[in-house]
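Asker: what's the 3D shape of this:
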Amino acid sequence: FLDAVYKLQEYAGSPRRKRSEGKATWPGCKQVFRNYDAEGGMAFDTVALDIEAQSGERLLIPVMHAGHRIAAEPLAEARRRTAAQVASLPDELRLLDPASLAYRVDISSALRELTRALDAEKV
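Answerer: Okay, here's the model as predicted:
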């Protein structure tokens, strides 16, 4: 039994963080919240701790637990959902020009604080 994980974020309920320059990670179990503009287009996402309450749609949904599937989406529903998400992309994100690939992603204050607290601990 090998007890290891690449870019470990949490272990035995305790948040962990990789600190290597250029490879640093945000610690703990997280959730991504998507917010939309008045026309239904994607406006911005917020990365937060999974226990936080944030505005927007929760994007991360558990589908496996203890090696068993706990959620199954029919293929037709997955196609419909995916098409709706692509349709909600801002026009500039559909372009192939890397210079235009700017999409706002916020990091919650609680996630930033957890990161600061872990960085302050002695290693």
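Asker: got a pLDDT number for the residue nearest the centre of the chain?
Answerer: In the chain, the C-alpha nearest the mean C-alpha coordinate belongs to V32, at 4.0 Å (C-alpha atoms, centre = their mean). Predicted confidence (pLDDT) at V32: the value is 97.
Asker: residue contacts, it?
Answerer: 45-48, 58-60 (C-beta atoms under 8 Å, 6 or more residues apart in numbering). Quick note: C-beta positions are derived from backbone N, CA and C, even for glycine.
Asker: what about it, distance to L89?
Answerer: As judged by C-beta to C-beta, to the nearest Å, V32 and L89 stand 15 Å apart.
Asker: mind listing what L118 touches?
Answerer: 15-17, 27.
Asker: of the residues you listed, buried ones?
Answerer: 15, 17, 27 (16 or more other C-beta atoms under 10 Å).
Asker: quick check: the last one is in a strand.
Answerer: No - using DSSP: H, G, I helix; E, B strand; the rest coil, the assignment for P27 is coil, not a strand.
Asker: next helix or strand past the helix or strand of the chain with the lowest mean pLDDT?
Answerer: Least confident helix or strand, the chain: strand 10-11 with a mean of 82, by mean pLDDT, DSSP states H and E. Per DSSP states H and E, strand 10-11 leads on to strand 14-15 as the next helix or strand towards the C-terminus.
Asker: buried set for the helix or strand following that next one?
Answerer: Using DSSP H and E, the helix or strand that follows strand 14-15 in sequence is strand 30-36. Neighbour counts over strand 30-36 (16+ other C-beta under 10 Å) mark 30-34 as buried.
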